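Undergrad: Structure for the following, please:
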Amino acid sequence: MAQRLVDLVDYEEGRVVSRTFEQNPSISITLFAFDNGEGVSTHTAPGDTCCRFWMAKPCLILTERK
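TA: This next block holds a predicted model:
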């Protein structure tokens, strides 16, 4: 059954809320809801990264793994 992404994670004022759908050595699929001005710290991922934004003006800095 198809679902809207916005319905899969709750927004909370002043917080970053996440919901992990799959996590194993090959892949991590996590959906985030950010309040205005919130963010996540620098981190690395073992594989490719895909980011998608709705209703936001994101600031995203990506670097390629060597």
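Undergrad: For the protein, which segments count as strands?
TA: 16-23, 28-34 (DSSP state E).
Undergrad: Looking at these, which one is packed in the most?
TA: strand 28-34 (a mean of 14; mean count of other CB atoms under 10 Å). Where you see a C-beta, it was placed from the backbone N, CA and C, and this is true even at glycine.
Undergrad: can you list contacts of the worst-scoring helix or strand of the chain on mean pLDDT?
TA: Taking mean pLDDT, DSSP states H and E as the measure, the chain has strand 28-34 as its least confident helix or strand, at a mean of 84. Strand 28-34 is contacted by residues 5, 8-12, 16-23, 40, 45-47, 56 when judged by CB atoms under 8 Å, 6 or more residues apart in numbering.
Undergrad: related to what we said a few turns ago, closest to residue 1 out of the strands of the chain?
TA: Closest approach to residue 1 among the strands of the chain (CB to CB): strand 16-23, 14.8 Å.
Undergrad: Check which strands are paired with the closest one and give the direction for each one.
TA: strand 28-34 (antiparallel) (DSSP bridges).
Undergrad: before we move on, back to that, quick one: the strands of the chain as TSV, columns for distance to residue 1 too.
TA: As requested, those are exported to TSV (distance: least, CB to CB, whole Å):
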stretch	distance to residue 1
strand 16-23	15
strand 28-34	17
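Undergrad: Out of those, which gets nearest to residue 52?
TA: That would be strand 28-34 among the strands of the chain, by CB to CB, at 9.5 Å.
Undergrad: Only alpha carbons, please: show the closest one as PDB.
TA: Provided in PDB are the C-alpha atoms of strand 28-34 (Å, rounded to 0.1, in the frame of the first residue of the first chain):
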ATOM      1  CA  SER A  28      20.600   2.400   5.800                       C
ATOM      2  CA  ILE A  29      17.300   3.900   5.000                       C
ATOM      3  CA  THR A  30      16.200   6.600   7.400                       C
ATOM      4  CA  LEU A  31      13.600   9.400   7.100                       C
ATOM      5  CA  PHE A  32      14.100  12.600   9.000                       C
ATOM      6  CA  ALA A  33      11.900  15.500  10.000                       C
ATOM      7  CA  PHE A  34      13.800  18.700  10.900                       C
END
